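Enquirer: Fold the following, please.
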Amino acid sequence: MMKVAIFDYGAGNIFSLKVALEKRGATVDVIKSFDQADNYSGLLLPGVGNFDPAVQSMRKSSKTTFQEYVQDKIPVLGICLGMEMFFEKSEEGKEQGLSVMEGEVVILPNKFKIPHMGWNNLKIRKSNPLMDGIPDSSWVYFVHSYRVKPKNDDIIVADSDYGIAVPAIVNRGTLYGTQFHPEKSGKIGSLMIQNFLRECKK
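Expert: Next comes the predicted model:
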């Protein structure tokens, strides 16, 4: 049986993500430290909380750093805030991000109601394991106030048109990020979770 971990920043309910993973056959542990995180096939950084407290929680709770634990070997899915933490910094806070992807996180333009909540469709830029079986223009559910601004657009797998192109999925190596919430995105989101778990089996 495949076992994955959800990192709990202590910021809110991650029940729906745990249930979505279990429906796809995964055994799920919720962890609060990388020091206790061994023998997991994959790691998920949920989309709950604020940038500075979440980054601080990851750093202060563990002698083992995120980079040391993952080592470019363990598949990681960062959802919303979890994806934003992959980058170097965010306008939401002052802490340095995990810096496993180059770029920054910026607030959505002021023409949007913040937070932006609702369904938007994906424009797929390139093939990716996370997107297997998912057609272009599929709809997914967003709840966010910020967007990532990668230094290198090559990591963008799909974006969404808000009048500006908002990166919706990024990938570098074993690191996958979604600005939307797969666990709240119906059949399309469920298929993405299945695709991620398939990567965890490899």
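Enquirer: What score does P115 have for pLDDT?
Expert: We have a pLDDT of 88 for P115.
Enquirer: got it, and the one 10 residues further on?
Expert: If you check R125, the pLDDT there is 96.
Enquirer: number of nearby residues for it?
Expert: By other CB atoms under 10 Å, the residues close to R125 number 18. For glycine as for every other residue, the C-beta is placed from the backbone atoms N, C-alpha and C.
Enquirer: just checking, it touches I155?
Expert: No: look at R125 against I155 with CB atoms under 8 Å: they stay out of range, at 10.1 Å.
Enquirer: give me phi/psi at the residue lying closest to G163 once chain neighbours are set aside?
Expert: Counting by CB to CB, 6 or more residues apart in numbering, G163 lies nearest to K111, which is 7.5 Å off, once chain neighbours are set aside. Torsion angles at K111 (phi, psi; degrees, to the nearest 10) stand at phi -70, psi -10.
Enquirer: separation between K111 and M85?
Expert: Noted for K111: a distance of 26 Å to M85, by CB to CB, to the nearest Å.
Enquirer: Between the two, tell me which one has more neighbours.
Expert: Using other CB under 10 Å, the more surrounded residue of K111 and M85 is M85, with 25 against 8.
Enquirer: got a list of what that one touches?
Expert: Shown in contact with M85 (CB atoms under 8 Å, 6 or more residues apart in numbering): 45, 51, 54-55, 58, 78, 97-98.
Enquirer: mind checking how far it is from W139?
Expert: Noted for M85: a distance of 25 Å to W139, by CB to CB.
Enquirer: that's a helix at L17, yeah?
Expert: Yes: membership of L17 in a helix is supported by DSSP: H, G, I helix; E, B strand; the rest coil.
Enquirer: tally of neighbours for it?
Expert: By other CB under 10 Å, 24 other residues sit near L17.
Enquirer: Touching, it and I79? I think so.
Expert: Yes: using CB under 8 Å, L17 is in contact with I79, at 7.2 Å.
Enquirer: any shared contact partners between those two?
Expert: Residues touching both L17 and I79 (CB under 8 Å, 6+ apart): 44, 46, 183.
Enquirer: Does the first one lie in a helix or a strand, and which?
Expert: Translated: L44. Assigned by DSSP states H and E, L44 falls within strand 42-45.
Enquirer: Ramachandran angles for the residue nearest the centre of the chain?
Expert: For the chain, the residue nearest the mean C-alpha position is G78 (1.9 Å; CA atoms, centre = their mean). Taking degrees, to the nearest 10, you get phi -100, psi 120 for the backbone angles of G78.
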